[in-house]
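[1] sequence below, structure please.
(2 chains)
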Amino acid sequence: MSRQRIPLITELPLVVWLVLVWGALWQDFGVGNLAFGAILAYVVVNFFYLPPVELTGRFNVLWLIPFLGRFFLKLVTASAEVFWLALTRGSRLRNAVVAVTLRSHSDFLVTATGHAISLIPGSLVLEVDRSTSTLYLHCLNVASADDAAAIRRDVRATEAWLIRIMGSRDDLAALRAEGVRR
Amino acid sequence: MLTVLIAMFALALVAPVLFSRLGRSAFFVLAAAPAAAFVWLLVELPGVLAADQAAPNGAPGAPPSLVIPWIPSLQLELAFRLDALAAVLCILILGVGALVLFYCARYFKNDDPDVGAFGAQLLAFAAAMFGLVLADDLILMFIFWELTTILSYLLIGYSRHRLSARRSALQALIITTFGGLAMLVGLVMLGQEAGTYRLSEILADADALAARGTLVDVAIALVLVGAVTKSALVPFHFWLPAAMAAPTPVSAYLHAAAMVKAGVFLVARFAPGFSETAFWHPVIFVLGMATMLLGGWRALRQFDLKLVLAYGTVSQLGFLTMVVGLGGRDGAVAGLGLLLAHGFFKATLFLVVGIIDHQAGTRDLRVLSGVGATSPVLFAVALVAAGSMGGVPPLLGFVAKESVFEAFAHRAEDGAAGTLLLGGIVVGSVLTFAYSARFVWGAFALKHGGPRTAFPRVRTSFLLAPAVLAVASVVFGVWPGPLDALVQPYAALFASDDAAPHLALWHGFGLPLLLSGVTLAAGGALYLLRRPFEQFQERLPSMREAEVVYRSVIGVLDDVAVWITGRTQRGSLAFYLFVILATAVVTPLTALIIFDAPLPTSFRIAQSPAQVVVVGAIIVGIIAALRSNKRFMAVLMVGITGYGMAAVFALHGAPDLALTQMLVETIVLVAFVLALRSLPARLWNRAESRHRLLRAVLGIAFGGIMAVIAMSAMASRNAAPISLAYPQMAYDDGGGANAVNVLLVDIRAWDTFGEITVLALAATGIASLIFIRGRSDHRRRADGVEDGSVDRGQELLDARGRSGAALALAARFADVPRDPWLVAGRTLAPERRSIVFEVVTRLIFHTMIVLSIYLLVAGHNLPGGGFAGGLTAGIALAIRYLAGGRFELAEASPVSAGALLGAGLAIVSLTAAAPLLLGGAVLESYILEFWLPVFGDVKFVTSTIFDIGVYIIVVGLVLDVLRSLGSEIDERSEADDPVEEDAGADALVPPATEGVRP
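    Model prediction:
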């Protein structure tokens, strides 16, 4: 596998991101600082070669804000729940490994979904089947098949949010088709 | 003077290059250096001899001198002075040196190994001897003295594949170094007592010094110990015959003309002025006489021609020391005359033996036969030299010996001791004549009953060097005028009313001539009776030789060392820690009690509730680490204490410290986990309960004593801390608002410089311990590495059972032809891959690098700095390695670890030294303020460059740790049989099962 030249347009989001990080670190978004940051980012990206990231080209901020609201709400409630379970049930708790098949076959989206789930206390990604986009989760307090089904629904809902925010157009179309069928 | 010296050393440095171009003919080029120096000496000589030898440096009429201050605070100077004594020695060193190097060009073969290094060492040796005799500073002289010792070690050990050569070289090194160290003590005592280390000033002031009594007496005796070991006098004589393992030109030069003469030179140097001190004459006469007789006695029973000469040299060195150390003008003239004569004839004889060895392949005088008839010129040369050695008129040896007899006959008039000395010298000379004759007979005579030795014709260029020296023995014997002129100025240094005698062929009838006649007659008789004499020697009970004593001393030393090492370095980590910690408890405790150190009177438990929480977490971590029975768990728990410390620093208002501590803790954790993979998972060796109690007590005591020290240190303060001025200094002089960083790179940059040097060394040390075959800094690429081939089979999975199925499943999970996220992720075995990890690594790697650069640049004013930045970049690399395996690491680091460490050190050193060129001090920093378009006003402090060096070194260090503890161990365990007995699978942290954790 030889190194392919990365077209500037593919690299641009990364460079822009790095320049923003640079400005944020200095807390200075003046022209001079950003120009220096741009030079630096370009040098860093070219000196430390990594394969190009093919983004979908979409990013919907309108969906992002309610998603973050939902995420933080779940974060807080799940934390309280785990705290309560640890106090009341302790080691008598019944746990399970749950397989969840995702819609998207994008590594990026799978990773994002996995992170969103893992960051919420009580569930943790153990393993990823890359070929079928299946996440294997370790979840607290799963007593029945209904509990597992609830978790699957929840994970797929999280994925749906993420597809709406930054999924590819194909994934989005599939999601909409699914909604129509229901 | 300095030019000549430097030119010789410089030529020695480039000598190996010459040899690779010219082969053995490069010796001709090397010989040109001392030859040119010899010409320079001849030009200088009239001025040197006409000078007033006692005049201080720089005075009108003083010999040429040169003084360059070196380390003024130690009174150390590069002081050189070419007086008459130095000139006499220089004639031997440069003249014989040039001839010996010339001779080497035919002695060695083109394909002899390491001949380039040998040539360089021999020339460097000549230069060192030259420096030794010129040095006018005691310490400078000692430096050259030790230089000759080390070079002679290398030269004697030239045949390094032979055990005897190595052992002889080491023996010579140990003995002469021992003497050298004794001499150093003597020189320092002398220098301190005199208030100057300038040799010429000390000698000018010698009478007053010698009158001071015991201290100076002892100092001079110690200096004599140096001379005695270097000149191989009894009881240290045995290293010289053993050193004959050296190639013959080395023997001719070091052991006849130059190095062993260093001891005689030292005696001659101190004789005018110090020959009346208490220990001088006893040491010189007793050891000199014993050496002369012992050497002559031994020489008569050797069968190896070279050993005959070696023992002869021992004998002559004893003789020389006595004459030179005699004191008085007659002794001086006779001593230097004999010194020159010995240099000429002994070098000739050694070179002759070299030719015989080279042509006939043997040096055994029982085997050689008829060489004299085959090679008459060689025979004539040897005959002249041996005749000079035996004191046959009209050769130079005779002339010198006549004046020696005269000088000692003069002493014999004073009393019995003088008569005894004279008698001893006559006996020694008789022995000398006998072994000289035996040497000529053994080398050249046609022996009955044996075949003639095959002896190819000797090339003229090979024979030239000894022939020139033999001619010198004849010419200066018949016409000693020039030599007399050479030695007279030195003799004038001795305060005496008597006129100095002269070197002359004809002294008139008198006691000396009579003694010469007696010597020749008795020596001839002894030669004729050599068979009965050999038998007589064999019948005597053999004495315990000094060499045996030396060997048993060294043997006992070795045994003691082994015993002590066995008792202390027994390989138990627990024992080492116990000793170290116990010392760390007892020593400060004793100091605290003895000095009655104050303790604070008031205490505050905590400054904020947060501190209590953090310290509580640390304590929990400690207890968990102690109670865990798995290494991995213990390491994680120790990590908690480390992060807890970072939090304590942060709470205390030390963001730099907290940041660095956190980064270091992270790197350490990674390194720990990587290293743990090659250890069993469980901590098996639990201590017995008795030991556990002891360890607990020690641990608590250590913690307690540290706390007490900290408290006592705070309570002991009675002055304002120096650090109060730091922030202002940092801002005004260092140009930075972050006092911690400016402290590191500017105010106390010397400390940092030392620390990062140690860091680079440590990294190199780790790498060299693990990469046994070298640093292996060559770059490896992932191209051409088969997919899924790396880190396979470390999990000890059984191919048939459940785990085999798991392995197959893992392979299926990861096996998807999709766009890569990392360069070398695909090379990793499927069960070790984690797509989540790869994606995250891809997304955050560049951001971390930008963050690390920000920390580096911002550090001058905000928390951060080169160290923190370097660690951040190192963590970014560690993530690449963990996610993508060792080829990913190789792809992520376009520059090798060794190159990074070297470049970092180079940047730091250059930044440190650059201000010198601008007229500043080392490590001085400058603030540059300028205006650029777009960027506006820019303020750049040069110490940032220093910080960049630190950054690069730290990155190199982390890379080295990852490469050695990570990549290299991966590779080894792949190469080994995967099913190992003890390797614990659960110590491994396979990224594939780790996933992401909140």
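[2] what comes up buried for stretch B:703-720?
    Of all the residues in stretch B:703-720, those buried under the rule 16 or more other Cβ atoms under 10 Å in any protein chain shown are B:705, B:709, B:712. Just so you know, the C-beta spots here come from the backbone N, C-alpha and C atoms, and that holds for glycine as well.
[3] likewise for stretch B:589-607?
    Within stretch B:589-607, the residues that count as buried by 16+ other Cβ under 10 Å are B:592, B:597.
[4] can you show me the helices along chain A?
    Counting by DSSP state H, the segments of chain A that form helices are A:8-26, A:31-47, A:61-88, A:107-119, A:145-166, A:169-181.
[5] ditto for the stretch 601-750 of chain B
    For the stretch 601-750 of chain B, the helices defined by DSSP state H, counting those that start in this stretch cover B:609-627, B:631-651, B:655-676, B:689-716, B:726-732, B:739-742, B:749-770.
[6] can you redo the ones you listed as a markdown table with mean pLDDT and distance to chain A?
    Formatted as a markdown table, the helices of the stretch 601-750 of chain B follow (pLDDT from 0 to 100; distance: least, Cβ to the nearest Cβ, whole Å):
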| stretch | mean pLDDT | distance to chain A |
| --- | --- | --- |
| helix B:609-627 | 93 | 16 |
| helix B:631-651 | 93 | 17 |
| helix B:655-676 | 91 | 13 |
| helix B:689-716 | 88 | 29 |
| helix B:726-732 | 86 | 20 |
| helix B:739-742 | 87 | 16 |
| helix B:749-770 | 86 | 21 |
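[7] most tightly surrounded among those?
    helix B:739-742 (a mean of 24; mean count of other Cβ atoms under 10 Å in any protein chain shown).
[8] show the average pLDDT along the strand or helix carrying B:Ala890.
    Using DSSP states H and E, B:Ala890 sits in helix B:866-892. Across helix B:866-892, the average pLDDT comes to 91.
[9] does anything pack onto it? Which helices or strands?
    Applying 3 or more Cβ pairs under 8 Å, 6 or more residues apart in numbering or on different chains; DSSP states H and E, one finds that helix B:866-892 contacts helix B:655-676, helix B:835-858, helix B:943-961, helix B:969-975.
[10] starting at the chain centroid, how far to the last one?
    With Cα atoms, centre = their mean, to the nearest Å as the basis, helix B:969-975 stands 37 Å off its chain's centre.
[11] what mean pLDDT does it have?
    75.
[12] how about that helix: buried residues?
    Applying 16+ other Cβ under 10 Å to helix B:969-975 flags B:969-970, B:973-974 as buried.
[13] check these against chain A, which are close?
    Contacts with chain A within the buried residues of helix B:969-975, as defined by Cβ under 8 Å from any Cβ of the partner chain: none are present.
[14] re the thing from before, can you lay out the helices of the stretch 601-750 of chain B as TSV showing distance to B:Glu924?
    Converted to TSV, the helices of the stretch 601-750 of chain B look like this (distance: least, Cβ to Cβ, whole Å):
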stretch	distance to B:Glu924
helix B:609-627	40
helix B:631-651	31
helix B:655-676	23
helix B:689-716	32
helix B:726-732	14
helix B:739-742	13
helix B:749-770	9
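[15] which of these sits closest to B:Phe595?
    helix B:689-716 (9.5 Å; Cβ to Cβ).
[16] now do that closest one: which elements does it pack against?
    helix B:573-594.
[17] for the residue in chain A sticking out farthest from the centre, which non-adjacent residue is closest in space?
    Within chain A, the residue lying farthest from the chain centre (Cα atoms, centre = their mean) is A:Gly32, at 33.6 Å. Leaving aside its sequence neighbours, A:Gly32 sits nearest to B:Phe935 (Cβ to Cβ, 6 or more residues apart in numbering or on different chains; 4.0 Å).
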